[in-house]
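Undergrad: Fold the following, please.
(2 chains)
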Amino acid sequence: MKRLFLLVLIIIIGVSGLSAKDYYIYCTAESEDEVALIRFDGKTAHVEKRIPVGVWPVEIEGPHGITVSPDGDYWYLSMAHGLPYGHLYKYKTGTDEMVDRVELGLFPATMGISNATGLIYIVNFNLHGGHTEPSTVSIVDPEEMIEIDRVETGIMPHGSRLLNNGLKHYSVAMMSGMLYEIDAMTMQITRTISTAPPNKKMNAHSGHNMKKMDHSNMKMGKNKRMSNKDKKGIAAMGKMAMAKMDHKMPPEKPTWVYPHPNDNLIYVVNNGTDNVVEIDVKKWEVVRTFKTDKAPYNCEVSQDGKYLVVTYKGAAKTGVWDLKTGKEVAKLKNSRKVTHGVVISPDSRYAFVSVEGIGKEPGAVEVIDLHNLEKVAIAEIGKQAGGITFWKMTD
Amino acid sequence: MKHTLFILQIFLFSIVFGQKKNTEKLQFEFEVDSIELHVGETKELTIKLLNEDGDLSKNSFYVFGQRRALSVSPRTSDSTGIATVTVKAHKPGRLRLSVQSITVKRDDRVRDKLVVNVPFPPIDHIVFNQTPRKLYTETSTSFSVEVIDEAGLTRENADVKLKSSNTAVADFDIFGNLETKRTGRVTVSATAEGVTEQYNIRVVKNPVRSVTLSAEKDEIRTGDVLVLNATALNRSDRAIDDAPITYSYIGQADYGKFGLPAAGLVTDDGRFIAETAGLYTLIASSGGYSAQKTIKVVPRNVQKKAKLVGHGLISDVLTSDLWVWAGVDKHEGKDFAVTGTWGSNGEAYFWDVTNPDSMIIIDTITVDARTVNDVKISEDGRVGVITREGASNRKNGFVILDVSNPYNVTISAEYNDDMTGGVHNVFIYENHVYAVNNGRKYDIINIDDPKNPFRVGVYEMDTPGHSIHDVWIENGIAYSSNWSDGVVAVDIGGMKFDEADRSQSQFNPLLAKAGQGSPSNPIKLAEMGDPTGRNHAAFPFLSKSTGNFYIVGGDENFPWGVRATRGEPSNPRGGFHFLNFTDPENPKEDAVYQVPEAGSHNMWIFGDVLIAGNYQGGLRIVDISGELLGDIYNQGREIAVYQSSHKEGKIPNAPMVWGAQPYKDYIFFADMNSGLYCIQLEDLEKGPGAP
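TA: Now for the predicted structure:
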């Protein structure tokens, strides 16, 4: 009996010891010009630090995308608003001191770092204007913080992730309804595909070659800005004419892309049509479609490949999908409106979800236990919590 | 082709994941230590990644140059660690070609770089900025040149040698001034990188034998411009019009010799202005002869007392802009104000300010936004517009309000089409809203029916990287502030110049150019860039006292960045620049009002008075009458200063004046940290210590 008691005690201590990890998350607050560092100890999410970012106190600069270098030594932050171009900032983890910054394109947003090249691939979202001009993916050397190339993709590119092998980069373009594959080494687009589920695909969009795209007939080409004379003509057309854009925007409005840890599958979130499509990397076709709740926005796959966690921006909920069965196994209501981003701990135990809130309401990071499929903690941070990234786990 | 790509994929995959841990030291070997390329040229170069034994490392790497300056192809080596790349130069300079090994772990990566010198294109020709053919002896003439390269660009850093062919006749000093010594002929040469430009000058005997100097006044105030009339005369007392005259001054300040010395400015064309009171001796010289005139400078004495009439404390949020207007209908006879909020809950507060000593909030409008940066009310007092930034759905824009009953303000319409990036500032003019949005342009929206707004026009600059901050409209001309692009005047329906109209507004030279534009056809009239990139506000100013026309450009500059978000006072800098547009084709900066150790934000000009929001420097009321020249801050032109702050402010005890509006006998202003204020100017009480 005594031995049994000791054995139980050892198991309890062992289990509690195993679970006594600290998880560190960085999360942006877009309307606060802050980045919060959060520590989750398995029970409580603590805001360890609120780091002011930006340089203009009376202009919101909008920290948007954030990622940590693979070795955990630095974090990188996109500051969307500029004059007019935004910047990529580099900070040291721990001390959170700014190291350097580099100017990029219009509204730089989501980014990913290649495990092969070490370069950062960051989309220039460019939400300005009539959503008619293709934008780019900037490629930045994070050591010297210089931009080494820009690859033109579609209209309003968003989401930026690479395969684990670091060789292929994926991003979507909201107003083009396309997924773009860039060779991380050659920095050229290799493939594109419409993000529409198979039964809704339009022939014109399936896998067309960007190199062959002809924008010359578009009302406003890449380098052709509207003159005020042009604008006069447009203005004369009146209200209705201005509302009608020449570009036919696909309804999918994809906002996010995330590769499966096995590098064979990619998940694309179609914000406009309330679904997530699974794309086979080799076949380069949509193989499964998951019908989701309202306005899905971001997603991430757990490292064990078991779960796909999707944020539902319009529903203020987060969905957890079992990738084996293709079923949604949990749908958790978030604490406030406008659910935004998600990151999953490398041990596949917890999902950390950023929730923006509305107006002066603080943003939040909510912690979901993926074992028990329940929300276990919440930390309030600055307004409009957005980009979120995982830094480290410590015992 | 597909097959090849597949093999390449497998190959690269094996490179990245097949490599053993990089414990050995690798190093790059470039074919040469550095290369030199001309713009547009290409060069082939072999790069190797070697192991400690000097053999190829069998580790691939990639190569890259600086974007838009140096391109390279291909970007990757083969699997053995060797790459033969073609490098192309696009811009001159000392550029870098970088290489980095491909490894999974950052610490294992080896980096190196090769210097690529891209020389500036050869100089094509040199242009003298001034080419006098005749100079008088005993004179000094400043010379400068412009150097143009073969690409047609001005070479800013060219080392130009100026030389005289006969130094006994005339010679250059080290600052580029040609000093003439005796009569004769001389050839002046400018040489840079082997290219020479020259021309001939004749030095003749200086006929000047005396100089006369007069001025209209013997006594002026600080800040007044005194025009000096100097003439160089020959032996027969005939004027030598082309003899160069230089002006200078010495002075004895009332304060004393050293503490606050006699300070002023005298221009090359003989205009003098003093900053401190005292006795000044003004000197005109030519050919070794001079004349002088002593004048008295007295204090400007424009100071008044800024008396606080009322304060509406806002302590829980930061306050942004304000507008004050007269009530209509059943509220006729009453006065109202609206203030915005910054970085909060998207609120605009409506105030009854009929009794400014007891201003009270009477209504609040909340919209989906974090910042209501700007608030404006139409001239008829019925329509209000507030801006939205930080909307939860990111569809920002502006909101049109019915403010005819300020006690019950209602939303007439929201407008957010193509304004996702946020509307930062607006202006209402003749039933149109001019909405500065996305930091790039202003859209012009018809609000004849405030419930059914529609776009009729757009104005956007076409300069690379253009950006806009604010717009202000007067007499059908929109004055926008555009950071690096500076101030821009656009005809959006400017009244056509009428020579029979003798009103002073016709002195605005831009009106003479206007008359073709309309809200649906905005036409640029004039502009002046801002090389500092700080232009944040623009306000037209037709001087009542001189008829000169200025666009006053306000800076915004936070050299030490964010503090407000940490609950600490910020420490900005900046000033208000008086850009003389009397000749719209050749605008020039005449004067600047810049408070040392204070920032600058919004302004209003009323008559010949500047009402300046100087952030932590408080509210400043400045006399800008008369000709403007030099450093206005030091000329005793400040009429009054009010340092607003409150112990219960959002940031306590810290002034941060956003902007102001004169209204009736008052000046209302918004302080970011503590809300709405009303002050009134009073004459100073005379007594001991009064200025």
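Undergrad: and the next element down the chain from the worst-scoring helix or strand of chain A on mean pLDDT?
TA: The helix or strand of chain A with the poorest confidence is helix A:228-243; it has a mean of 33 (mean pLDDT, DSSP states H and E). Tracing the chain C-terminally past helix A:228-243 and defining elements by DSSP states H and E, one meets strand A:254-259 next.
Undergrad: For that next one, enumerate the helices and strands it packs against.
TA: Secondary-structure packing of strand A:254-259 (3 or more C-beta pairs under 8 Å, 6 or more residues apart in numbering or on different chains; DSSP states H and E): strand A:157-162, strand A:168-173, strand A:178-183, strand A:265-270, strand A:296-301. Using the backbone N, CA and C atoms, a C-beta is placed for each residue, glycine as well.
Undergrad: Name the residue of the stretch 501-650 of chain B with the shortest distance to chain A.
TA: Across the stretch 501-650 of chain B, the shortest distance to chain A (C-beta to the nearest C-beta) belongs to B:S520, at 3.9 Å.
Undergrad: okay but that residue is in contact with B:R455, surely?
TA: No. Using C-beta atoms under 8 Å, B:S520 is not in contact with B:R455, being 9.3 Å away.
Undergrad: quick one, which of the two is more surrounded?
TA: Legend: neighbour count by other C-beta atoms under 10 Å in any protein chain shown for B:S520 and B:R455, higher for B:R455 (25 against 22).
Undergrad: of all the helices and strands packed on strand A:254-259, which lies closest to B:Q594?
TA: Proximity to B:Q594 (C-beta to C-beta) singles out strand A:157-162 among the helices and strands packed on strand A:254-259, at 42.6 Å.
Undergrad: Report the strands that pair with the closest one, each with its relative direction.
TA: According to DSSP bridges, strand A:157-162 forms sheet pairs with strand A:168-173 (antiparallel).
Undergrad: Next, report how far the partner strand is displaced from the centre of its chain.
TA: Centroid separation for strand A:168-173 versus its chain: 11 Å, with C-alpha atoms, centre = their mean, to the nearest Å.
Undergrad: Which residues outside it are in contact with it?
TA: With contact meaning C-beta atoms under 8 Å, 6 or more residues apart in numbering or on different chains, strand A:168-173 is reached by A:110, A:112, A:114, A:121, A:123, A:134-135, A:137, A:153-163, A:178-184, A:190, A:195, A:254-257, A:259, A:266, A:268, A:281.
Undergrad: OK, contacts around the most centrally placed residue in chain A?
TA: Centroid-nearest residue in chain A, with C-alpha atoms, centre = their mean: A:G159, separated by 4.5 Å. Counting by C-beta under 8 Å, 6+ apart, A:G159 touches A:110, A:123, A:170-172, A:254-258, A:268-269, A:298.
Undergrad: how about 7 Å then?
TA: A:110, A:171-172, A:255-257 (C-beta atoms under 7 Å, 6 or more residues apart in numbering or on different chains).
Undergrad: can you put these in CSV and add pLDDT and neighbour count?
TA: Converted to CSV, the contacts of A:G159 look like this (pLDDT from 0 to 100; neighbours: other C-beta atoms under 10 Å in any protein chain shown):
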residue, pLDDT, neighbour count
A:T110, 97, 27
A:S171, 98, 30
A:V172, 98, 32
A:T255, 97, 24
A:W256, 98, 26
A:V257, 98, 26
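Undergrad: of all those, which comes closest to chain B?
TA: Using C-beta to the nearest C-beta, the contacts of A:G159 come closest to chain B at A:T255, 11.5 Å.
Undergrad: quick one: that closest one and A:M174 touch, right?
TA: Yes. At 6.1 Å, A:T255 counts as touching A:M174 under the criterion of C-beta atoms under 7 Å.
Undergrad: Could you name every residue contacting both of those two?
TA: Here A:T255 and A:M174 share the contacting residues A:H158, scored by C-beta under 7 Å, 6+ apart.
Undergrad: Measure how buried the closest residue to chain A within the stretch 351-500 of chain B is and give me the count.
TA: Per C-beta to the nearest C-beta, B:F454 is where the stretch 351-500 of chain B lies closest to chain A, at 3.4 Å. For B:F454, the neighbour count with other C-beta under 10 Å is 17.
Undergrad: That one against B:N446, yeah?
TA: Yes. B:F454 is within contact range of B:N446, at 5.5 Å (criterion: C-beta under 7 Å).
Undergrad: Need the nearest residue in space to B:D224, chain neighbours excluded.
TA: Excluding the flanking residues, the one nearest B:D224 by C-beta to C-beta, 6 or more residues apart in numbering or on different chains is B:G626, at 5.9 Å.
Undergrad: before we move on, back to that, now the two most distant members of the contacts of A:G159.
TA: In the contacts of A:G159, two members sit farther apart than any others by C-beta to C-beta. They are A:S171 and A:T255, at 10.6 Å.
Undergrad: mind saving the C-alpha coords of stretch A:328-348 as PDB?
TA: Taking C-alpha atoms only, stretch A:328-348 is exported to PDB below (Å, rounded to 0.1, in the frame of the first residue of the first chain):
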ATOM      1  CA  GLU A 328     -15.200  20.300 -36.600                       C
ATOM      2  CA  VAL A 329     -14.800  18.900 -33.100                       C
ATOM      3  CA  ALA A 330     -15.100  22.100 -31.200                       C
ATOM      4  CA  LYS A 331     -16.400  25.600 -31.800                       C
ATOM      5  CA  LEU A 332     -15.600  28.000 -29.000                       C
ATOM      6  CA  LYS A 333     -17.100  31.400 -28.500                       C
ATOM      7  CA  ASN A 334     -14.500  34.100 -28.100                       C
ATOM      8  CA  SER A 335     -14.700  36.700 -25.400                       C
ATOM      9  CA  ARG A 336     -15.300  39.600 -27.700                       C
ATOM     10  CA  LYS A 337     -16.000  40.400 -31.300                       C
ATOM     11  CA  VAL A 338     -13.600  40.200 -34.300                       C
ATOM     12  CA  THR A 339     -11.600  37.000 -33.800                       C
ATOM     13  CA  HIS A 340      -8.300  37.500 -35.600                       C
ATOM     14  CA  GLY A 341      -5.200  35.200 -35.500                       C
ATOM     15  CA  VAL A 342      -4.000  31.900 -34.100                       C
ATOM     16  CA  VAL A 343      -0.800  30.300 -33.200                       C
ATOM     17  CA  ILE A 344      -0.300  26.800 -31.800                       C
ATOM     18  CA  SER A 345       2.400  25.800 -29.400                       C
ATOM     19  CA  PRO A 346       5.000  23.400 -30.900                       C
ATOM     20  CA  ASP A 347       3.900  20.700 -28.500                       C
ATOM     21  CA  SER A 348       0.400  20.900 -30.100                       C
END
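Undergrad: Pull out the buried positions in that stretch.
TA: A:328, A:330-332, A:334-345, A:348 (16 or more other C-beta atoms under 10 Å in any protein chain shown).
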